[in-house]
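> predicted model follows, preceded by the sequence.
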Amino acid sequence: MIYRITVINGRKYATAVKSREEFLALRDSSENLANLAKTRQGDDAAKRNLVQFAYNLGHVDGLIAGCKSIGSYFFHDIDCYDMSDGGSKMADVILSKKDEIGLMMLERSASGGWHLVCKRVPGTTILENQVRVACILKVADMDNNAHDLPRVVFGTSGSAEDLIYLDNELFLESMSAEECEAEYARLKERERNGEEQLPPSAKKANKHYKPWEEDLAARAPLACYRRDARTDNRTNRTDSAAENPADKKSYARLCRLARPRIVMGLYGCTLQ
């Protein structure tokens with residue numbers, strides 16, 4: 001979903017944006033367009049007054065501090081230091097792989113580069129998905145410290161030059177409020193247990209991280225999963241042999257066999 005963020009007495013509040021028309025109206029307001037023009041001339045104060053949005057949240061209506069509801073989409077920021085062509089080559093690469101990365105929105109950022117919103121693979125964290133997309137695109141460094149749930153983004157205009165791609169599905173959330181909260185709890189547990197499938201350096205703060213440069217063999221999950229595990233995003237259950245103590249030996253063997261296949265699936269650009 002898309003949420004408009006307003007700041008009241010230093011606290012951020014979220015209100016759902018329910019349609020394309022509402023979204024474009026917010027972006028194309030006279031105030032926002034004036035602030036955008038000033039921002040692109042280097043006015044940092046004007047940038048802070050741009051309309052703000054959030055894309056990682058599930059169901060929330062009000063204060064976002066302490067939110068424990070994750071949605072079906074995630075935000076991904078791509079810096080572009082060579083804007084000699086307006087960043088069009090990079091945009092072309094992104095659009096050519098939109099189905100592969102689950103692209104829902106592509107916009108030009110206020111100060112250069114691109115903002116992406118993509119579908120999150122159920123059962124995987126925001127960082128796992130950002131790394132996956134970066135490995136597919138291989139067009140720019142990523143900031144691997146920008147995966148917090150309440151991440152807020154400055155919006156630009158609704159023009160075709162700024163808002164390159166927008167899927168209407170982004171205005172809907174397929175999971176219920178209860179399912180979004182259960183998914184959040186599940187992913188926090190995944191992080192705590194070291195189960196994320198990430199390259200070794202993914203957790204080290206780096207604004208210029210290139211995950212595709214790390215050795216493929218090092219991209220193993222910290223915990224072992226069955227290759228044929230089936231995850232149901234709506235019930236947040238994973239059916240695997242690990243649930244049956246009698247199958248522990250065969251499960252351990254399957255883990256050893258499955259690990260490279262899991263890695264190839266996540267980093268080999270397969271979006272299940």
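Arrived safely, thanks for sending. Numbers count the residues shown, from 1 in each chain.
> need the phi and psi values for the residue nearest to residue 146 when sequence neighbours are not counted.
Leaving aside its sequence neighbours, residue 146 sits nearest to residue 77 (C-beta to C-beta, 6 or more residues apart in numbering; 5.8 Å). Backbone N, C-alpha and C define where each C-beta goes, glycine included. Residue 77 adopts backbone torsions of phi -100, psi 130, taken as degrees, to the nearest 10.
> residues in contact with the most centrally placed residue in the chain?
Centroid check for the chain by C-alpha atoms, centre = their mean gives residue 74 as the closest residue, at 2.5 Å. Remark: with contacts taken as C-beta atoms under 8 Å, 6 or more residues apart in numbering, residue 74 is in contact with 55-56, 117-118, 120, 126, 129-130, 147.
> on the three-state scheme, it is what?
Three-state call for residue 74 (DSSP: H, G, I helix; E, B strand; the rest coil): strand.
> ends of stretch 111-125, how far apart?
End-to-end distance of stretch 111-125 (C-alpha to C-alpha, to the nearest Å): 27 Å.
> and it, which residues are buried?
Of the residues in stretch 111-125, 113-125 count as buried by neighbour count, 16 or more other C-beta atoms under 10 Å.
> where along this structure do the strands fall?
2-8, 11-17, 52-54, 62-63, 73-78, 103-108, 114-119, 152-154, 163-166, 230-232, 237-239 (DSSP state E).
> tell me the spacing between residue 41 and residue 110.
11 Å (C-beta to C-beta, to the nearest Å).
> low-confidence ranges, the stretch 151-272 of the chain, go.
Confidence mapping of the stretch 151-272 of the chain against pLDDT under 70 gives the ranges 215-272.
> which one's more surrounded, residue 41 and residue 110?
residue 110 (20 against 8; other C-beta atoms under 10 Å).
> residues contacting that one?
So residue 110 contacts 36, 39-40, 47, 50, 154, 156 (C-beta under 8 Å, 6+ apart).
> bridging residues for residue 76?
Following DSSP bridges, residue 76 is listed with bridge partners residue 116.
> count of neighbours near it?
Neighbours of residue 76 using other C-beta under 10 Å come to 25.
> what's the pLDDT at it?
At residue 76, the pLDDT value in this model is 96.
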